[in-house]
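> Next one to model:
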Amino acid sequence: MGLVKKAHVFFDKVVDVLSSLASLLIFLIVMAISFSVATRFLFGVSWVGLVELSAMSLLFITFLGTTWVLKRNGHTTMDFVIKQFNTRTQAFINMITSMICALICLVLVWYGAEVAWARFIKGTYLFSHVNIPDAYFLFIIPVGGFFLFVQFLIRTYGYFKSWGHPGESETTN
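Numbering: from 1, shown residues only. Presented below is the predicted three-dimensional model:
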């Protein structure tokens, strides 16, 4: 197995682990909110910090799970427009849009890292009830953006191969 293939397999495993972490966070949010509601109802005790941490976990869920969804073509697409073209043109359009999305993700990684680092250096806090620096929450943006960037590059390459394949059908779907 070649180095590129091994890296691709490793990347896929990491993406699967990140999506599992996102799933675990969803479970923990459900449990935390249920616990908060139960303790408020039964004992009159409110857990404001749990609600705030649950809200911030949504950021992690988004950036941990979105690459997994992209890998499985689960994102919304304009396929009713794309399907009007032959398969070679479809591959070309998908290749170009994947390249554009990869560049956007690269900007997200760069800017997200700058913002998270600046917040870390300044030591700013996001919440009034939870005393955790906001940089600890914001670092997931460049991390998740990086994985999206790589996945879009993988998609771009796949579309490039299908676009350049000489035996590709020219029929319109």
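
> following the lowest-mean-pLDDT helix or strand in the chain, which helix or strand comes up?
Within the chain, judged by mean pLDDT, DSSP states H and E, the helix or strand with the poorest mean is helix 79-82; its value is a mean of 84. Using DSSP states H and E, the helix or strand that follows helix 79-82 in sequence is helix 87-122.

> just to revisit the earlier point, so what's the gap between the least confident helix or strand of the chain and the chain middle?
Its chain's average C-alpha position is 24 Å from that of helix 79-82, according to C-alpha atoms, centre = their mean, to the nearest Å.

> what sits up against that helix?
Contacts with helix 79-82, where a contact means C-beta atoms under 8 Å, 6 or more residues apart in numbering, come from 90, 93, 94. Any C-beta I mention is one placed from the backbone N, CA and C, and that applies to glycine too.

> next one: stretch 27-43
By C-beta under 8 Å, 6+ apart, the surrounding residues in contact with stretch 27-43 are 45, 46, 47, 50, 51, 53, 54, 57, 58.

> chain center to it: distance?
Here stretch 27-43 is found 27 Å from its chain centre; the criterion is C-alpha atoms, centre = their mean.

> Next: stretch 87-106.
Centre-to-centre, stretch 87-106 and its host chain are 17 Å apart (C-alpha atoms, centre = their mean).

> What residues sit buried inside it?
Buried residues in stretch 87-106, counted by 16 or more other C-beta atoms under 10 Å: 87-88, 90-95, 97-99, 101-102, 105-106.

> Equivalent analysis for stretch 77-89, please.
87, 88.
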